[in-house]
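*Asks:* Fold the following for me, if possible:
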Amino acid sequence: KAEFKQIVRGRRTLTTRKIKKRFYEKQILVIFMIRGKLSSAPVYPQIADFLVHIIMRTRQRQRDREDRRARTRRARVRDGSSASQTKLALALERLEARQMLAITVTEQNLAGFKVGADYIFEDDSSITVADDLVIDAAGGEISFTAPTIMIGAGATLRSKGIGGVADGAVTLTARDDQIRSGIALSDLVADVVNGFARDTATIRVGAGAVIDGGTISLDAFAGNNEESFTYDSLNGLLKKAPMLKDLIPDINDLASLPMTLSVKRPTASIDVEADAQIIGSGKIQIQGTANARAQSKAVWSALTENLKSAESTSVWSKLSFAIGVGFGQAEATSTVGAGADIVSTGGGVTIRTDVTNNVNIIAQTYVNQGVGPTNSDNYSFAISSTTQETVSKIEVNVGAVVEAHENVDIRAKATDSNSSAASTT
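*Replies:* Numbers count the residues shown, from 1 in each chain. Below is the predicted model of the structure:
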């Protein structure tokens, strides 16, 4: 607010580059001034972008008017009158969370993340461990949870037990997932509101970094959950009234639009850079998972048909259509850099990537079904299109070492399911 007041008073110049938009969840705190009064309100990012656009256009128009006035004053005989000046400013700031958005762990703030004997790091955006920083839990747990986790070059995550205490677990969990209702229309609206955003889960262990402990897990998951909101959160209700579960396909048909677009683009990546070391006295698991489920249905239903004007005789009144488009792009990769060591002295080592890419689009028209007015003079067409791109890859570079007391399991797996159906009735 202090910076904002300086801008309003003309002590600082506000440009597009200086407008900062830091997002938290789905809303932004907009600080604005109307007639000298400072106010604020939470809005969605799309609205904030629109406001920035309007403000920039307004400022440009003001500058243009002032330039024209200045040229006019220079052309006239100076009469000593002062020129008016209009100032307009906009500041965008994220809503405050329990923790700062995007954490950087340094020596100065490290103690703030200690919970008992453990170190717990959680954030909704990203966590970065500073280069060469040492985090030593001495047998306690070290846990990171965020969509993006970056361990700086030369940093150390250590949890070795002392005095008979077992080595502590080191867990890095990157997760960027979606929970959808299972209702086609609501899922489409959610995708549009989120701008068909890519789900990205990233773990990077920087060059020369060391992870040393007991059981070690690096897990990156991006994309759709295994269970949808409908069958998960409402599972108890569906068990008591199983007929509701049977009605969901009918609800989907009634609530669907004649046109639909489903785009899923999850990316999960784990990168152990050159000369990094991951050493565990227990098992070591590196798992990258990407689930893309681009499933939707475009329906011209009897409900849509009844919206037509009965008196109209135009060509459009005789037309019924359904168009569905689906795109699934799923990628999961794990890379072990040159000279890196992944060693389990008391268990096995598992490095896996698992991709599920399911694109299922249906386009269907329901006309003259007998549940409403029939019209033999009717034209119907349905178009359904699907596209898939799938990558599941593990790369162990020259000079890297993967060693285990038990088994070493390195496996890249991809499962594709692609179906496109169009029908008119």
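
*Asks:* Which element, helix or strand, includes the nearest residue to Lys413 once chain neighbours are set aside?
*Replies:* The shortest distance from Lys413 to any non-neighbouring residue, by C-beta to C-beta, 6 or more residues apart in numbering, is to Asp354 (5.0 Å). In short, each C-beta sits where N, CA and C put it, glycine included. Element membership for Asp354, per DSSP states H and E: strand 349-365.

*Asks:* re earlier: report the beta-bridge partner residues of the residue nearest to Lys413.
*Replies:* Counting by DSSP bridges, Asp354 is bridged to Thr289, Lys413.

*Asks:* Wait, it touches Ile286, no?
*Replies:* No - Asp354 lies out of contact with Ile286 (C-beta atoms under 8 Å); the separation is 11.7 Å.

*Asks:* more neighbours, the two?
*Replies:* Counted by other C-beta atoms under 10 Å, Asp354 and Ile286 do not tie: Ile286 has more neighbours, with 26 against 18.

*Asks:* and Gln62, that's in a helix?
*Replies:* Yes - assigned with DSSP: H, G, I helix; E, B strand; the rest coil, Gln62 falls within a helix.

*Asks:* That one: neighbour count?
*Replies:* Residue crowding around Gln62 was assessed by other C-beta under 10 Å; the count is 14.

*Asks:* what do you get for Asp219?
*Replies:* For Asp219, using other C-beta under 10 Å, the count is 19.

*Asks:* And the contacts of the strand or helix carrying it?
*Replies:* Using DSSP H and E, Asp219 sits in strand 216-224. Outside of strand 216-224, the residues within contact range by C-beta atoms under 8 Å, 6 or more residues apart in numbering are 169-178, 180, 199-203, 205, 264, 266-270, 278, 280, 282-293, 330, 332, 356.

*Asks:* quick one, it and strand 349-365 angle?
*Replies:* Put simply, strand 216-224 runs at 10 degrees to strand 349-365, going by axes from the mean of the first three to the mean of the last three C-alpha atoms, to 10 degrees.

*Asks:* With Ser420 as the reference, measure out to the residue nearest to Lys413.
*Replies:* Plainly put, Asp354 is 24 Å away from Ser420 if you go by C-beta to C-beta, to the nearest Å.

*Asks:* Verify the stated contact: Ile103 with Ile127.
*Replies:* Yes - with contact defined as C-beta under 8 Å, Ile103 counts as touching Ile127 (4.7 Å).

*Asks:* tell me, what's touching these two both at once?
*Replies:* 121, 146.

*Asks:* residues touching Val398, list them.
*Replies:* By C-beta under 8 Å, 6+ apart, the contact set of Val398 is Ala338.

*Asks:* thinking again about what came up before, what residues sit buried inside the following helix or strand past the strand holding Asp354?
*Replies:* Remark: after strand 349-365, the chain's next helix or strand is strand 379-396, criterion DSSP H and E. Under the neighbour-count criterion of 16 or more other C-beta atoms under 10 Å, strand 379-396 has 380, 382, 384, 386, 388, 390-392, 394, 396 buried.
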